[in-house]
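Visitor: coords below, sequence missing:
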């Protein structure tokens, strides 16, 4: 292939950048494409290391991201419905329509749609608030800067979403074209190194947010406004399909698969004729089936299946996973719809055309797994997941023959992953690589995909994960039936083994799971040994059947709209689970994507050898943030301009080895990136102080400083001095410290300005001020501590606690929101304390009390400041109970304050054993009731 064939028609790189001339004059110079291996979704969360490796990673991701954003013409919306069902060896004997078809209307009134996941990356930290920088250097030359708000992946440098042409020479102004869909812009001037106006070069701003493009449905005769949209794709997973002894040794019988497939199509009812089975894979008791609408059948290609056993000796098929990998290319009808969407508006305006000749596909991966059972096997389940992640390798030589009619599988020698063109191989990371230059790998890992459904992100995965709940059996059953616990499911899910594994990064740590609003789906019994909800009394209820997802935000957008259990289907001791997703996939042209990426890579070829010649300029070398407050975001921006003649890669680096580049209270919208000559990037710095950070800042000086180092890779460093004045808060302090404050915390001169221990107050004045206001309230509300609070009023109350000013709210107020806010301020203050209010070494004794007298005896072992806070708070709760007509008031208040006073829902709560004998929410509730009823 000649260089001219892959350079966009605008101009060659030598016309654009003179510094490329020596590299492109020789036609034999090799300009590489992006790496031929498929990007691994897990790499989005890995830190960079090493100068050369950093440049390569930043360069490749820069080209991949910018090329994809420039070539994206629109997005096609695919509706997916996934389901997982452990059938316990049973054959179908019930109507499965609720599970297979669901009810798209009122599926679950409590469930809110899952927000679209933002771009994430180790190259960026935190969530950014837009705060454009306004500057005027007096040069009289203005350009537009664009603020952005993103949490981008550390490998996702979202730059170059706009279309633009760069200067042909140093004296020619650059130009760029942007649509009205870009972020708000602010006019800013940037100084030039030349005093002559004819020599001025306007910096080119880099957009970190991709331009908005239209999204169209792939479904025929449907639109987003339809009240009920049938899924385009059904992916159903089964576990324990066959429990016979002989089946453990990889039985090849399809009898059970055929029976359940027939039941699925029967459940589709009159809609069954719209669908056909695309692919399936069975491993003894595990089965995954993919069913698609018939008119979309030709959109799917390159189907590869795999199964891996994780049972006895790691070989037998009673445990393990099955998976299907496929490519989806939007239908041709979608391109016509896209053209119509591009031309919405003034009929007299210039008509837009998508310009896609060779549509590119998106890779989807679906996994069904069945992991080790029993409560105490949580470590084995985590190990099984890690093992499956390594062993689930798709071999291209096993590609389904019918999946790629135009390009048959050829024993893994060289495989074309797309049926759209025999010349290009699509890559899920946003790339198309010429098959004449690159040999596609024979095997792909399960994470080498655009969407992964385990069920987790751009892939979906229906699984029987077998994760259990680490709480006593009696607590689990009582909480499930209780109406007194405000968020009983949230309490149970905090001790769910899968959620714990994700939180501690033991398994599924890059996956997302929707909020669970349905009851546990295991274990039910049809016999007499059941509880009031129908659960088997010999097995603790649990959410063993789950659907997780993960995806690349560069190439797809996944939004989950439902997550439900189906208790009406009772054929098994498990209840099936379903989830519905909308997956927005890119319309892009393979050839254009390859040409764009090749041209971008050509412009930065050999940049690691040129970094010594890089030259940059910061808009600010020092930034004063002013006053910063607890839980109040504050943002500012600065710009970084590549004013040299070679590409420049940068990243923030720490001052000391093995430390972080930013203090814990500061984050940046972009922590690494790549700029072409004359490009300029705007970076937002955001301050946010949570409980953990405030607990440390409260002990330090009011004036805080840091120095940020922006390192140009293989080049020089640029320094930014940051300063701020932290405003002390009474929140996030130990009780013992609050009792030693000589006055309001905002008025102390230094963190060490404390009373002597023998002069300490009996209880923190802030707690007493809140309790006294509530006691004096003339019109209490029945839902105090339970109803939703106004966060702005709570913030105002906290400010008056910090400054010592009188509350501007009368005790005679009839505004319910104010009373609720005072209750919220009290609970927020107690939650913010860095230590557990009740010492953890006393928790088991508290749970074991048999009567009120024993409960009061334990108070003797509390620290003095805790005793007085405990008595003040519980005395007010007792007063509230006595003045309520609700017979369950004591139960409800005790359930509300149990996690606050004992802290068993905090992330820093001590790790518990597999039997969970040391934690009992009901025990904590009962202890509190000893004082308030």
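Guide: Good, I have the coordinates. Remember, it's a predicted structure, so these values are computed and weren't measured experimentally.
Visitor: can you give me the helices in the stretch 801-933 of the chain?
Guide: Listed in chain order, the helices found in the stretch 801-933 of the chain under DSSP state H, counting those that start in this stretch are 816-832, 843-847, 852-858, 864-882, 889-902, 921-932.
Visitor: for the fifth one, packing partners?
Guide: Yep, that's helix 889-902 we're talking about. For helix 889-902, the packing partners by 3 or more Cβ pairs under 8 Å, 6 or more residues apart in numbering; DSSP states H and E come out as helix 816-832, helix 864-882, helix 921-932. C-betas here are computed from N, CA, C, even on glycine.
Visitor: that helix versus helix 864-882: what angle between them?
Guide: 160 degrees (axes from the mean of the first three to the mean of the last three Cα atoms, to 10 degrees).
Visitor: now helix 889-902, how far from the centre of its chain.
Guide: Distance, stretch centre to chain centre, for helix 889-902: 31 Å (Cα atoms, centre = their mean, to the nearest Å).
Visitor: so for stretch 321-333, mean pLDDT?
Guide: For stretch 321-333, the mean per-residue pLDDT is 94.
Visitor: what residues sit buried inside that stretch?
Guide: By 16 or more other Cβ atoms under 10 Å, the buried positions in stretch 321-333 come out as 321, 322, 323, 324, 325, 326, 327, 328, 329, 330, 331.
Visitor: repeat for stretch 713-722
Guide: Buried residues in stretch 713-722 (16+ other Cβ under 10 Å): 713, 714, 715, 718, 720, 722.
Visitor: endpoints of that stretch, how far apart?
Guide: 22 Å (Cα to Cα, to the nearest Å).
Visitor: farthest pair within the buried residues of stretch 713-722?
Guide: 714 and 722 (25.5 Å; Cβ to Cβ).
Visitor: just the mean pLDDT for stretch 763-783, thanks.
Guide: Here the average pLDDT along stretch 763-783 is 96.
Visitor: next one: stretch 789-796
Guide: So the average pLDDT for stretch 789-796 ends up being 97.
Visitor: contact partners of it?
Guide: 631, 632, 808, 817, 818, 820, 821, 823, 824, 825, 828 (Cβ atoms under 8 Å, 6 or more residues apart in numbering).
Visitor: ok, the nearest residue to residue 756 once chain neighbours are set aside to residue 559 distance?
Guide: Take residue 756 and drop its neighbours on the chain: the residue closest to it by Cβ to Cβ, 6 or more residues apart in numbering is residue 740, 7.8 Å away. According to Cβ to Cβ, to the nearest Å, residue 740 stands 51 Å off from residue 559.
Visitor: same check on residue 237?
Guide: 21 Å.
Visitor: ok, for residue 338, nearest residue in space, not its chain neighbours?
Guide: residue 74 (4.5 Å).
Visitor: for residue 98, same thing?
Guide: residue 566 (5.2 Å).
Visitor: that neighbour against residue 575, yeah?
Guide: Yes - counting by Cβ atoms under 8 Å, residue 566 does reach residue 575; the two are 5.7 Å apart.
Visitor: which one of these two is surrounded by more residues?
Guide: Taking other Cβ atoms under 10 Å, residue 566 and residue 575 do not tie; residue 575 has more neighbours (24 against 19).
Visitor: what is the burial count for residue 245?
Guide: Residue 245, neighbours per other Cβ under 10 Å, totals 6.
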